[in-house]
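**Q** predicted coordinates and the sequence they were generated for:
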Amino acid sequence: MKIKLTAIAAAAVMAALSATSIQAAAKTKACWVYVGSVGDFGWTYEHNEGRKNAQKHFGDKVETKFVENVAEGADAERAIERFARSGCDIIFATSFGYMDPVMKVAKKFPKVKFEHATGYKTAKNVTTYNAKFHEGRFVAGKIAAKVSKSGVAGYIVSFPIPEVIAGINAFMLGAQSVNPDFKVKIVWVNSWFDPGKEADAAKVLVSQGADILLQHTDSAAPMQIAEQKGIHAIGQASDQSKFGPKAQLTAIVDNWTPYYIRRIQAVIDGTWKTQSSWDGMKEGTVSMAPFKNMPDDVAKMAADTVAGIKDGSIHPFTGPITKQDGTVVGEKGKPLDDGAILGMKWYVKGIDDKLSK
Amino acid sequence: MKLILEKRPERSKKMALLSPILAIGLTVLFGAIIFAARGLNPLTALYVFFIEPVTTIWSIEELIVKAAPLILIGVGLAVSFEAKVWNIGAEGQLIMGALAGSMIPIFFTGWQSPLTLVAMLVLGMIGGALFGAIPAFLKTRFNANEILTSLMLVYVAGYLGDWLVRGPWRDPNGYNFPKSVSFEGWQLLPTIGEGRVHIGALLAVIAALALAFMMSKTLKGFEIKIMGNAPRAGMFAGFSPKKTVWFAMLLSGALAGLAGISEVAGPSGQLQPVISPGYGFTAIIVAFLGRLNPIGVIFAGVLLAISYLGGESAQMTLGISARIGQVFQGMLLFFILACDTLILYRVKLLSSTKPATGG
């Protein structure tokens, strides 16, 4: 009797499972691998918003799945491969550290499309995508130089990779275009998401005289410190005004929705091709949260800068640019090419920090 | 009224062996309740959590990849804990082993021969053992509590590894990203079969068998047991408590170090800021769940590996939080400790009709 019951139970489970897999086969399945938690109100949060919006857009035609807190390392390959095995048609891997695992799994599953955010390796079925966050940094720099009283901004950063360095440089160039003597102090926290460390770094920077905080890390901690200390801050990845209603000047907002919808549509249509996508304000992937807590003329200047970047009349990296070591790059009036920005390994003049070799 | 724990006169051998099974049963039961509370069909959820990870060859292979470091560290800890030497810092010894072994591919990138791999594994064991030697020294020389020293050294190892990977040991052609060069050829552990199973899994089983033999058949095993359970008696027999501490720390450190270099030279294939998702700590549960018996540790390691993979598949298939795997691990440790306690002690209700004597 006992054996019979177990057999029936097992059969019921199997039936339930096979029913769901039959249903899934008709739909396009899009899957996301996140490095952080969907509740980080930063990087992963915005990717998950993109996923949710894509789900809404496609409705019943698409099924979306995600896995969060996947460590970059030995576990990433398993998580990605498991998605590939479970019938995902397209997999979005949203952290740089997934690059080699994505390449390995992609080799084994040539029919599955892989999209890797912020990396630099592509293959027939592996695409990279990233956004021109430095455009937002440039606008933020201009605002910071106008609003700051001490003329010093504190910048909390994760890793000295080109994307981060380009962001620091764009911010500095924006600030210098308003106030040539503007200073940026930098603290490396060596993490993408560590609210404790980010908060400590924010406090250190404030004690060193910074009255504007910004960050290239993923938590809202620096915004909260700025609010406590009564200074200003620029939000990162998503609108963080609820963490700093008086502190947030604006935020550089990532909006992955249009990209995700476009790529999933391409899979449905059978037109998906490998590429390296690098969208910015013009495409809507990078946008600025409402300009607040600043005089009207500063808000207008910021809005004009955004408009200029969108129509192409303003480019953050317009030559000539003086590097930290005194050499000059770029021709007068011409922007640096994309390759120079994507591989940036140097600081512009005036940044109070040294890059390790 | 108050509750007290009273030592049972007899220690039931049968119950002591049944305890982990009881604990697993309770974990499954409470797991089902949690799933039901989340509005999921508990049968489906338990199937996804515990059975699905062993339904395909690929996922069994991944299970072995996950279990290998847990077993390797767990058997070392089992011996150490049997001697009542509480090495809580296996995670740090794992990291140091990984760093020490990685020196070969990072500094002698071109060296390719079977000896390369042997040297890496030996260095890994030495790195872990040397890091385990620090709490051993502090314990034997200054009587410093090894629980504290070994645990705190985990952070030292973590930050050292972090700094090396982001600084001097970074791949020079890696766009400043925090990772070492990719290991190639003989710098990687040979794999068994199609997937990612590497000979580290074999090493884990060999280590478990060797330590099982040592504990049951050799004088050393007897010494460890006696020093753990009756140190005074052991001292009369001429065994040295200091030597036991050294032996336990060096052995468990070396095995943790071996697990570390096997991770780096195995599934990772390069040094990264995060080498292990806390294997050194999970292995503590593994050691206890395996009854501090090296053979038991093999089963416990596989079970804990399932809890990792099950948590992941529950997340992917059912859309529940990634933390569910950790909840299961926590429940498992809680129930095993509770069962152990209740096997050794019984709960007694003292009625308060008598005049209270304080407390």
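**A** Sure, I can see it.
**Q** so which residues on the stretch 151-300 of chain A come close to chain B?
**A** The stretch 151-300 of chain A has residues A:159-162, A:165, A:190 near chain B, with proximity defined as Cβ under 8 Å from any Cβ of the partner chain. Every C-beta, even on glycine, is put in place using the N, C-alpha and C of the backbone.
**Q** need the max-distance pair from these.
**A** A:Pro162 and A:Asn190 (16.5 Å; Cβ to Cβ).
**Q** for burial, what's the neighbour tally of the residue lying closest to B:Ala136 once chain neighbours are set aside?
**A** Leaving out its chain neighbours, the residue that sits closest to B:Ala136 by Cβ to Cβ, 6 or more residues apart in numbering or on different chains is B:Met249, at 3.8 Å. For B:Met249, the tally of surrounding residues (other Cβ atoms under 10 Å in any protein chain shown) stands at 29.
**Q** show me what secondary structure element comes after the host helix or strand of B:Met249.
**A** When secondary structure is defined using DSSP states H and E, the element that contains B:Met249 is helix B:241-263. Once the chain leaves helix B:241-263, the next helix or strand it forms, by DSSP H and E, is helix B:279-289.
**Q** does chain A sit close to the next helix or strand along the chain from that following helix?
**A** Following the chain from helix B:279-289 toward its C-terminal end, the next helix or strand by DSSP H and E is helix B:294-313. Yes - with Cβ under 8 Å from any Cβ as the criterion, chain A is reached by helix B:294-313 at B:309, B:312-313.
**Q** what's the one helix or strand A:Met223 maps to in contact with?
**A** Assigning secondary structure by DSSP H and E places A:Met223 in helix A:221-229. Outside of helix A:221-229, the residues within contact range by Cβ atoms under 8 Å, 6 or more residues apart in numbering or on different chains are A:156, A:195-196, A:198-199, A:201-203, A:206, A:213-215, A:232-233, A:235-236, A:240, A:243-248.
**Q** repeat for stretch B:289-305
**A** Counting by Cβ under 8 Å, 6+ apart, stretch B:289-305 makes contact with B:16-17, B:19-20, B:23-24, B:63-64, B:66-68, B:70-71, B:74-75, B:78-79, B:81-82, B:204-205, B:207-209, B:211-212, B:215, B:282-283, B:285-287, B:329, B:332-333, B:336, all of which sit outside it.
**Q** what of stretch A:190-205?
**A** With Cβ under 8 Å, 6+ apart as the contact definition, stretch A:190-205 has outside contacts at A:35-36, A:40, A:42-44, A:95, A:154-156, A:158-159, A:185, A:187, A:189, A:213, A:215, A:217-222, A:224-226, B:162, B:166, B:178, B:273.
**Q** model confidence over that stretch, on average?
**A** Stretch A:190-205 shows an average pLDDT of 90 in the prediction.
**Q** now do the helices in the stretch 251-357 of chain A.
**A** Counting by DSSP state H, counting those that start in this stretch, the stretch 251-357 of chain A has these helices, from start to end: A:257-269, A:296-311, A:338-342.
**Q** please identify the most buried of the ones you listed.
**A** For the helices of the stretch 251-357 of chain A, ranked by mean neighbour count under the definition mean count of other Cβ atoms under 10 Å in any protein chain shown, the leader is helix A:257-269 at a mean of 18.
**Q** can you show me the CA trace of that helix as CSV?
**A** The C-alpha trace of helix A:257-269 is given here as CSV (Å, rounded to 0.1, in the frame of the first residue of the first chain):
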residue,chain,number,x,y,z
THR,A,257,14.0,47.9,-21.4
PRO,A,258,14.3,49.0,-25.0
TYR,A,259,17.4,46.9,-25.5
TYR,A,260,15.8,43.7,-24.0
ILE,A,261,12.6,44.1,-26.0
ARG,A,262,14.6,44.6,-29.2
ARG,A,263,16.8,41.6,-28.7
ILE,A,264,14.0,39.2,-27.7
GLN,A,265,12.0,40.4,-30.7
ALA,A,266,15.0,39.6,-32.8
VAL,A,267,15.1,36.0,-31.4
ILE,A,268,11.3,35.6,-32.2
ASP,A,269,11.8,37.0,-35.7
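**Q** now find how far off-centre it is within its chain.
**A** In terms of Cα atoms, centre = their mean, to the nearest Å, the gap separating the centre of helix A:257-269 from the centre of its chain is 19 Å.
**Q** now do the end-to-end distance for stretch B:108-122.
**A** End-to-end distance of stretch B:108-122: 16 Å, with Cα to Cα, to the nearest Å as the criterion.
**Q** buried set for it?
**A** B:116-117, B:119-122 (16 or more other Cβ atoms under 10 Å in any protein chain shown).
**Q** could you do stretch B:277-292 as well?
**A** For stretch B:277-292, burial by neighbour count (16+ other Cβ under 10 Å) applies to B:277, B:279-292.
**Q** what about it, average pLDDT?
**A** Averaging pLDDT residue by residue across stretch B:277-292 gives 91.
**Q** what do you get for stretch A:145-152?
**A** 95.
**Q** same question for stretch B:212-225.
**A** If you average the pLDDT over stretch B:212-225, you get 94.
**Q** ok, and for that stretch, which residues are buried?
**A** B:212, B:214-215, B:221-225.
**Q** between the residues of helix B:294-313 next to chain A, which is nearest A:Lys332?
**A** Checking the residues of helix B:294-313 next to chain A against A:Lys332 by Cβ to Cβ gives B:Glu312 as the nearest, at 54.3 Å.
**Q** I figured the closest one hits A:Ile80, correct?
**A** No - with contacts counted by Cβ atoms under 8 Å, B:Glu312 stays clear of A:Ile80, the gap being 11.3 Å.
**Q** the two: which is more packed in?
**A** Neighbours per residue, other Cβ under 10 Å: of B:Glu312 and A:Ile80, the larger number sits with A:Ile80, 27 against 24.
**Q** separation between the more buried one and A:Phe159?
**A** 21 Å (Cβ to Cβ, to the nearest Å).
**Q** for A:Lys246, same thing?
**A** The gap separating A:Lys246 from A:Phe159 is 31 Å, by Cβ to Cβ.
**Q** and for B:Lys139?
**A** In this structure, B:Lys139 lies at 38 Å from A:Phe159, with Cβ to Cβ as the measure.
**Q** how far away is the one residue in chain A that gets nearest to chain B from B:Leu304?
**A** Here the residue of chain A nearest chain B is A:Ala74; by Cβ to the nearest Cβ that distance is 3.7 Å. With the distance defined as Cβ to Cβ, A:Ala74 ends up 16 Å from B:Leu304.
**Q** which one's more surrounded, these two?
**A** Set A:Ala74 next to B:Leu304 and count neighbours by other Cβ under 10 Å: B:Leu304 wins out with 26 against 23.
**Q** returning to that earlier point: among the helices of the stretch 251-357 of chain A, which comes closest to A:Gly319?
**A** The stretch from the helices of the stretch 251-357 of chain A with the least distance to A:Gly319 (Cβ to Cβ) is helix A:338-342; that distance is 10.1 Å.
**Q** off-centre distance for that closest one?
**A** Using Cα atoms, centre = their mean, the mean C-alpha position of helix A:338-342 is found 17 Å from that of the whole chain.
**Q** quick one: is that helix near chain B?
**A** No - residues of helix A:338-342 are not located near chain B by Cβ under 8 Å from any Cβ, the shortest gap being 9.0 Å.
**Q** tell me the helices and strands packed up against that helix.
**A** When contacts are defined as 3 or more Cβ pairs under 8 Å, 6 or more residues apart in numbering or on different chains; DSSP states H and E, helix A:338-342 sits against helix A:162-178.
**Q** elements contacting the helix it packs on?
**A** In terms of contact count using 3+ Cβ pairs under 8 Å, 6+ apart, helix A:162-178 is assigned the packing partners helix A:133-147, strand A:152-157, strand A:183-188, strand A:212-216, helix A:338-342, strand A:351-352.
**Q** mind checking the pLDDT average for the last one?
**A** Read that as strand A:351-352. Taken as a whole, strand A:351-352 has an average pLDDT of 86.
**Q** so which elements touch that strand?
**A** Counting by 3+ Cβ pairs under 8 Å, 6+ apart, strand A:351-352 packs on helix A:162-178, strand A:183-188.
**Q** swap the cut-off to 7 Å and go again
**A** Secondary structure elements in contact with strand A:351-352, counted by 3 or more Cβ pairs under 7 Å, 6 or more residues apart in numbering or on different chains; DSSP states H and E, are strand A:183-188.
**Q** fine, thanks again, bye for now.
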